[in-house]
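> sequence first, predicted model second:
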Amino acid sequence: MTNISHDHPLTYTFGILGNIFSFMVFIAPVPTFYRIIKKKTSEGFHSLPYVVGLFSAMLWIYYAMVKTNVILLITINSFGIFAEIIYVAIYFTYATKKQRIKSLGLVLLLNVGAFGLIIFLTQILCEGPKRVAVIGWICMAFSISVFVAPLSVMGRVIRTKSVEFMPFNLTLTLAVSAVMWFMYGLLLRDIYVAVPNIAGMLLGVLQMILYGIYRNSKPNDVAAETKLPTIVKVDQELPTKVNSEPYQVIIPIKGGKIGEAKDGKNLEDAHINSQV
């Protein structure tokens, strides 16, 4: 295959499409943060995905600036930095003190410490094409590790037989985005852009296959146990015996299991995971 230049129409086409689909991925958390703002609490969310997303965008901006002539990497990752900073700022605003301390530690470790060290070492120890290669390998290794992260979600889908935690629209968008960036990197013969997106494409296809297998499946007990707990309270004291014989208290729970207590013991068993 002949080498295609940066300004070739095909290169720009895939780069622009990559920007569009990556933009959709970056704005996917908007409903989550709208809910956080509305409820004025960070709920059970963690800042790690957004701190890591910010770090990834910073790395790719640095790579694009050192390599030059890859303006489409700069445009989308500039927006990515802006979006992730907004998300992290909102999280800090509504998180608990403990959550803020943990998040601040992550920001200092990744976005200040690790990123600063990468810049320092590559500027001091490398120059020219070698610097581009070193930064490229760092970006590639980190991107692959990020793409591998959904394996835990895939394992959860298989375990629970439920696709509740793997929304199809986001999965499809991530897969298509990986295809666009793979083609962009392939046309430029840039292995640092192309190779990580091979992993993204493969994992995207696997996730969609899993979605097709389990989308109509009835969730098993493991999935049911991930629901929000409903606490069943017994307001009156129960006797330990009925007619000198052991008795059984049955508490039906809508949409869940049945809680029982024998001989007046283990009433905590009546705290069933369910949604009423």
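On my side now, so go ahead. Residues are numbered from 1 along each chain as shown.

> residue contacts, the residue lying closest to Y184 once chain neighbours are set aside?
Nearest residue to Y184 in three dimensions, chain neighbours excluded: F14, at 4.3 Å (Cβ to Cβ, 6 or more residues apart in numbering). No exception for glycine: its C-beta is placed from N, CA and C like everyone else's. With Cβ atoms under 8 Å, 6 or more residues apart in numbering as the criterion, the residues that contact F14 are M180, W181, M183, Y184, L187.

> would you turn those into CSV with pLDDT, neighbour count and secondary structure?
CSV is the format used below for the contacts of F14 (pLDDT from 0 to 100; neighbours: other Cβ atoms under 10 Å; DSSP: H, G, I helix; E, B strand; the rest coil):
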residue, pLDDT, neighbour count, secondary structure
M180, 95, 20, helix
W181, 95, 28, helix
M183, 94, 20, helix
Y184, 94, 26, helix
L187, 91, 22, helix
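
> dump the residues you listed to TSV, plus distance to V157.
As requested, those are arranged in TSV below (distance: Cβ to Cβ, whole Å):
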residue	distance to V157
M180	25
W181	25
M183	28
Y184	30
L187	34
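
> quick revisit: C-terminal to the host helix or strand of the residue nearest to Y184, what's the next element?
Assigning secondary structure by DSSP states H and E places F14 in helix 9-27. Moving toward the C-terminus from helix 9-27, the next helix or strand (DSSP H and E) is helix 30-39.

> quick one, whatever helix or strand comes next after that following helix and helix 30-39 angle?
Downstream of helix 30-39, the first helix or strand assigned by DSSP H and E is helix 48-67. If you take axes from the mean of the first three to the mean of the last three Cα atoms, to 10 degrees, helix 48-67 sits at 130 degrees to helix 30-39.
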